[in-house]
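S.K.: 3D model of this:
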Amino acid sequence: MPYDITIWEAIRAAMRQQTEAFRCRIERAILNDVALSEFRSDPVPWQIVEILRQRADSWVTELYKICCDVQRSQGGDHGRI
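M.R.: The predicted structure follows:
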């Protein structure tokens with residue numbers, strides 16, 4: 001399915017507050033993440049790359065769910081963005 005910019009344009013204003021709250025939660029999570037601080041070194045060990053990949057996957061999934069919830073709350077298609 002191709003990306004439909006009109007969906008984002010329709011929900012962008014409603015998303016602003018939620019994405020800011022989401023960004024703050026991630027920022028706190030990164031600062032408090034023991035695994036990230038434990039493997040922080042130079043050169044970057046393979047473990048930190050894997051930890052970041054796993055964290056990023058969950059963050060993207062959470063943000064996508066927020067977008068879908070906002071779209072549904074505005075009467076949008078119950079399908080996927």
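
S.K.: lowest-scoring secondary structure element of this structure by mean pLDDT?
M.R.: Lowest by mean pLDDT, DSSP states H and E among the helices and strands of the chain is helix 34-38, with a mean of 85.

S.K.: which strands or helices does that one pack on?
M.R.: helix 46-73 (3 or more Cβ pairs under 8 Å, 6 or more residues apart in numbering; DSSP states H and E). Where you see a C-beta, it was placed from the backbone N, CA and C, and this is true even at glycine.

S.K.: show me which residues of the helix it packs on are buried.
M.R.: Neighbour-count burial for helix 46-73, with 16 or more other Cβ atoms under 10 Å as criterion, is recorded at Ile48, Ile51, Leu52, Arg55, Trp59, Leu63, Ile66, Cys67, Cys68, Val70, Gln71.

S.K.: per-residue pLDDT, the fourth one?
M.R.: In the predicted model, Arg55 carries a pLDDT score of 93.

S.K.: quick one, what contacts it?
M.R.: Shown in contact with Arg55 (Cβ atoms under 8 Å, 6 or more residues apart in numbering): Ala29, Ile30, Asp33, Leu36.

S.K.: for PyMOL, what selects the buried ones among those?
M.R.: PyMOL command restricting those to the buried ones, with burial defined by 16+ other Cβ under 10 Å:
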select buried, resi 36
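
S.K.: closest to Phe22 out of the contacts of Arg55?
M.R.: Using Cβ to Cβ, Ala29 is the member of the contacts of Arg55 that lies nearest Phe22, at 10.5 Å.

S.K.: who touches that closest one in this structure?
M.R.: Arg55.

S.K.: element containing it?
M.R.: Using DSSP states H and E, Ala29 falls within helix 5-31.

S.K.: noted, bye for now.
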